[in-house]
Structures are given as structure tokens and as C-alpha cells.
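Colleague: Here's my sequence, what's the structure:
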Amino acid sequence: MSDLGRILIGLGLLLIVVGAIVIVFARMNIPLGRLPGDFSWKGRGWGVSFPLASSILISVILSLLFWLISHFRK
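Modeller: Take a look at the predicted model:
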């Protein structure tokens with residue numbers, strides 16, 4: 001049962017990091033979800049959004065963050 005607690009704490013910390021990144025990007029006027037490379041289609045009464053560039057950017061930043069954490073833990 002303690003493993004479940006550790007997983008939940010880890011997921012919570014991950015959500016905090018992602019939330020902080022979104023706040024920092026908003027303050028730097030980087031419009032996540034509206035970057036070049038983010039696709040959206042709109043029709044009558046419906047809309048589809050595929051934030052490809054935003055997803056790649058967040059992935060690169062999180063990968064760098066986790067690499068730095070693992071590098072300094074050694």
C-alpha cells in the first residue's frame with residue numbers, strides 16, 4: 001500500500017511542476033495551445049484542437065528537468 005502512496009505523491013508533484021511551467025509560460029507571453037504547429041479545426045457547433053508544438057515543448061522541458069534532477073542525485 002505504501003507504493004500506491006508514493007505513486008500518488010509523485011503524480012501530485014508532477015502536476016505541480018506542469019502547473020508551474022504553464023504559469024511561467026503565461027507570464028512570458030508564450031501562448032501554450034496556440035503556438036505555430038498547434039492544429040485546430042472549427043466547424044458548426046464543434047471544434048478539435050491538437051496542440052502538437054505545445055506538447056513537444058512541454059515534453060522537452062520536463063525531460064530536461066528530470067535529467068537535471070537525476071544528474072544531481074548521483
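Colleague: Can you list the low-confidence ranges for this protein?
Modeller: Where the chain drops to pLDDT under 70, the residues are 1.
Colleague: if you set the cut-off to 80 instead, what comes out?
Modeller: 1-2, 30-33, 73-74 (pLDDT under 80).
Colleague: looking at this protein, which residue lies furthest from center?
Modeller: No residue in the chain sits farther from the centre than Arg44, which is 29.7 Å out by C-alpha atoms, centre = their mean.
Colleague: Contact partners for it?
Modeller: Neighbouring residues of Arg44 by C-beta atoms under 8 Å, 6 or more residues apart in numbering: there are none. From N, CA and C alone the C-beta is placed, and that goes for glycine too.
Colleague: repeat for Ile9
Modeller: Not one residue lies near Ile9 by C-beta under 8 Å, 6+ apart.
Colleague: That one: which element?
Modeller: Per DSSP states H and E: Ile9 is located in helix 2-27.
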